[in-house]
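>>> For reference, the sequence and a predicted model appear below.
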Amino acid sequence: MLVDDELPILNNLKAVLPWDNMGIDVVALARNGQEALQFYEEKQPELILCDIRMPVMDGMEFLKAVRQLSSECEVLMLTGYQEFEYARHALQNGVRDYILKPIDYEVLETTVRKVSEDIRARKMKRIHAVARWDIMARMAHDKILYNTLLGFSSEQSLYMHLEEDMPIECLQYTMFLADTDHYAQLSLQWSEEDRKQWNLEVRRVFQEAFLSEGFPYSVLQLREGEWCILVKHNRNERTQTMEQASIWLSSLQLSVKERIELPISVGVYPEEVDFNDLAATYKKLQLMLLRCSSSMSPDQWDEHVDGHDRSHSLWHTIDDIVSGLRKLDQSVMHKALTGLKRSYMKQSQQTLVSMEKFLHYLLIHLLREMREMNIVNGYEEEQIWRKLNHSVSEKDVLEIIIQLVNDALTKAFSKKSRELLMLSAKDYILKRLARDIGVEELAGHLGISSSYFSMLFKLHFGETFVEFLTRQRMELAQSLLVTSDKTVTEIGVVTGYSERRYFTKVFQKYVRMTPTEYREQHQAVR
């Protein structure tokens, strides 16, 4: 905006400078400060060239009024030599520079170009900051969902709001689950890089399938070959989203068919899922997808419910087996294997789906978990698949499962696997971030000495137990500060610090600013 009470100067400013070449739009011309203020409120210019001496409202009064509205607009003052001290005072009150009259238009053009470049640089920096904020907020949001689905965030679910204007009790999701058929066997010959690349490509396919749907969504890979897709909405959107569930499922199926070579089954849970029910629903959908054996729409769900109840004990048995392996708990393992045999004898003639098929799935589930836990190697997997490629009975599959678990347990206890111990330690820590836990408690849980635990922990994670615990708590605190409206005190409690003063001290040492400053900074960016 150009402001000067002398019409010839005002017209020259508009006509002489190459505004188009500089990429600048002149949005208004004003003859005094009062008129300029009206234009400012309407047009919101980013750069103002303004005379000081004007009738009605002079340049200094106008500058003061503008600064009450905004501190970001750049102002260049036009002044005569006799007003130099006046101009210097203006510089102290938010003026970027001053231009002496009579105006040297070459000097003015150079100054305007420099200021306009600074304005663009500042805008680009803000755009990049917003983009970084969006990425960070999305990562924090997805991390919370991931932990919740795997049962790591019971404390978080009690305290947090995922959106400032949507409290947790109003959050609901449509849940899809996609699982690669026979993934453990099919990927056996892939390199680690091949597996990683293939899983990333499939995740991208699922993301693109929902890009145009208009609802916030997350695609979460919970293990190799398996993805959970959560579409978020408010309770009052239930009818609309459930009508869309089958359409979304068809879109996913089509994307899978056209772009993915390996067979993938996709299912959708037939009801909206509350945030606090995500973990339990994920388990249900896993089992339902198994029973249906292929993609499943909401209207196909009811016919499988009865079978779900009769097979659920087997599913929990496998969860107990994996949990026992992670904790190296022999009593849990013995109980789980006994339960597996008993369930087989009781249910082999009752389930709607053949017991052989169910046991095959349980074996695949175990192999995938054991692969991630580094309990089974490629050669051992290959030997198992060779056995399964021959005609085997249900009893044979059950014996393979029992033998696999026993061998894995023997290996783990004989070697006291460092990786397995540390996996158990990490699992224990992540589930208890809000508690006061220490080295002695963890070492006791693992059945090893405190000194041995400390040594293993530092070798495995590259940091001490206290450093690791603090980092996990601080990362959670940062996530909650930018994704929730809970108080600093409440966030401190969730992350294991009952006293706000101590939480602030630790946070400031870790992040180089207080929790309040961190929240304000990211809210300003947002």
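Structure's in. What do you need?

>>> packing partners for the helix ranked longest in the chain?
In terms of residue count, the longest helix belonging to the chain (DSSP state H) is helix 105-149. Applying 3 or more C-beta pairs under 8 Å, 6 or more residues apart in numbering; DSSP states H and E, we find helix 105-149 packed against strand 47-51, strand 74-79, strand 97-100, helix 154-159, strand 217-223, helix 278-292, helix 465-483, helix 515-525. Quick note: C-beta positions are derived from backbone N, CA and C, even for glycine.

>>> ok, 7 Å please
Packing partners of helix 105-149 (3 or more C-beta pairs under 7 Å, 6 or more residues apart in numbering; DSSP states H and E): strand 47-51, strand 74-79, strand 97-100, strand 217-223, helix 278-292, helix 465-483, helix 515-525.

>>> for this protein, what helix or strand is lowest in average pLDDT?
When each helix and strand of the chain is scored by mean pLDDT, DSSP states H and E, helix 154-159 comes last, with a mean of 44.

>>> next structured bit after that helix?
strand 171-180 (DSSP states H and E).

>>> that older thread, out of the helices and strands packed on helix 105-149, deepest packed?
strand 47-51 (a mean of 24; mean count of other C-beta atoms under 10 Å).

>>> name the helices or strands packed onto the next helix-or-strand element following that one?
The C-terminal neighbour of strand 47-51 among helices and strands, as given by DSSP H and E, is helix 59-69. Helices and strands touching helix 59-69, as assessed by 3+ C-beta pairs under 7 Å, 6+ apart, comprise helix 33-43, strand 47-51.

>>> Return helix 59-69 as PDB; C-alpha atoms alone will do.
The C-alpha coordinates for helix 59-69 follow below in PDB (Å, rounded to 0.1, in the frame of the first residue of the first chain):
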ATOM      1  CA  GLY A  59       2.500   8.600   9.500                       C
ATOM      2  CA  MET A  60       3.500   8.100  13.200                       C
ATOM      3  CA  GLU A  61      -0.100   7.900  14.400                       C
ATOM      4  CA  PHE A  62      -0.900   5.500  11.500                       C
ATOM      5  CA  LEU A  63       2.200   3.400  12.400                       C
ATOM      6  CA  LYS A  64       1.100   3.100  16.000                       C
ATOM      7  CA  ALA A  65      -2.500   2.100  15.000                       C
ATOM      8  CA  VAL A  66      -1.100  -0.500  12.500                       C
ATOM      9  CA  ARG A  67       1.200  -2.000  15.200                       C
ATOM     10  CA  GLN A  68      -1.800  -2.500  17.500                       C
ATOM     11  CA  LEU A  69      -3.300  -4.700  14.700                       C
END
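
>>> Tell me how many other residues surround the residue lying closest to Tyr497 once chain neighbours are set aside.
Sequence neighbours aside, Phe503 is the residue nearest to Tyr497 in space, at 3.5 Å (criterion: C-beta to C-beta, 6 or more residues apart in numbering). Per other C-beta atoms under 10 Å, the neighbour tally for Phe503 reads 23.

>>> Please apply the same query to Ala408.
As a burial measure, Ala408 scores 21 neighbours (other C-beta under 10 Å).

>>> Then Leu17?
Neighbour tally, Leu17, other C-beta under 10 Å: 20.

>>> repeat for Asp20
Count around Asp20 with other C-beta under 10 Å applied: 9.

>>> what about it, which SS state?
What DSSP: H, G, I helix; E, B strand; the rest coil gives for Asp20 is coil.

>>> Use 38 as the first number from now on
OK, 38 is where the count begins now, so the last one is Asp57.

>>> Quickly note the distance from it to Ala158.
Plainly put, Asp57 is 20 Å away from Ala158 if you go by C-beta to C-beta, to the nearest Å.

>>> what ranges of the stretch 188-337 of the chain fall below the confidence cut-off?
189-207, 221-222, 225, 249-251, 271-280, 327-337 (pLDDT under 70).

>>> go on, the stretch 388-537 of the chain?
Looking at the stretch 388-537 of the chain by pLDDT under 70, you get 388-395, 397-398, 409-411, 425-429, 446, 448-454.

>>> ok, now how distant is Gln281 from Ser491?
53 Å.

>>> still on that earlier bit, could you save the helices and strands packed on helix 96-106 as JSON lines and add columns showing distance to Leu113 and mean pLDDT?
Shown next, in JSON lines, are the helices and strands packed on helix 96-106 (distance: least, C-beta to C-beta, whole Å; pLDDT from 0 to 100):
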{"stretch": "helix 70-80", "distance to Leu113": "13", "mean pLDDT": "90"}
{"stretch": "strand 84-88", "distance to Leu113": "5", "mean pLDDT": "92"}
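
>>> and the ones you listed as CSV, adding distance to Glu245?
Compiled in CSV, these are given as follows (distance: least, C-beta to C-beta, whole Å):
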stretch, distance to Glu245
helix 70-80, 40
strand 84-88, 41
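
>>> so which of the ones you listed gets nearest Lys320?
Lys320 lies closest to helix 70-80 among the helices and strands packed on helix 96-106, at 57.4 Å (C-beta to C-beta).

>>> which secondary structure elements does the closest one contact?
In terms of contacts (3+ C-beta pairs under 7 Å, 6+ apart), helix 70-80 is packed against helix 96-106.

>>> For stretch 136-152, which outside residues touch it?
Here stretch 136-152 makes contact (C-beta atoms under 7 Å, 6 or more residues apart in numbering) with Val53, Leu54, Met59, Leu84, Glu111, Leu113, Leu115, Thr116, Gly117, Tyr118, Arg133, Asp134.

>>> Swap in 6 Å and give it another go.
The contact list for stretch 136-152 (C-beta atoms under 6 Å, 6 or more residues apart in numbering) reads Val53, Leu54, Met59, Glu111, Leu113, Leu115, Gly117, Arg133, Asp134.

>>> Which residue ranges make up each domain of the protein?
Listed by automatic domain parsing, the domain ranges of the chain are 39-161, 187-337, 342-452, 459-562.

>>> do you know which of those lies nearest Trp170?
The closest of the domains of the chain to Trp170 is domain 459-562. By C-beta to C-beta, the value is 4.7 Å.

>>> distance between that closest one and the chain's centre?
Put simply, domain 459-562 sits 18 Å off its chain's centre (C-alpha atoms, centre = their mean, to the nearest Å).

>>> Next, the angle helix 315-329 makes with the longest helix of the chain.
70 degrees (axes from the mean of the first three to the mean of the last three C-alpha atoms, to 10 degrees).

>>> Just put the helices and strands packed on helix 142-186 in JSON lines and tack on distance to Arg408.
Output for the helices and strands packed on helix 142-186, formatted as JSON lines (distance: least, C-beta to C-beta, whole Å):
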{"stretch": "strand 84-88", "distance to Arg408": "61"}
{"stretch": "strand 111-116", "distance to Arg408": "59"}
{"stretch": "strand 134-137", "distance to Arg408": "65"}
{"stretch": "strand 254-260", "distance to Arg408": "9"}
{"stretch": "helix 315-329", "distance to Arg408": "17"}
{"stretch": "helix 502-520", "distance to Arg408": "24"}
{"stretch": "helix 552-562", "distance to Arg408": "38"}
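
>>> returning to what we had before: the longest helix of the chain versus strand 84-88: what angle between them?
Taking the same axes, to 10 degrees, one finds that helix 142-186 is oriented at 140 degrees with respect to strand 84-88.
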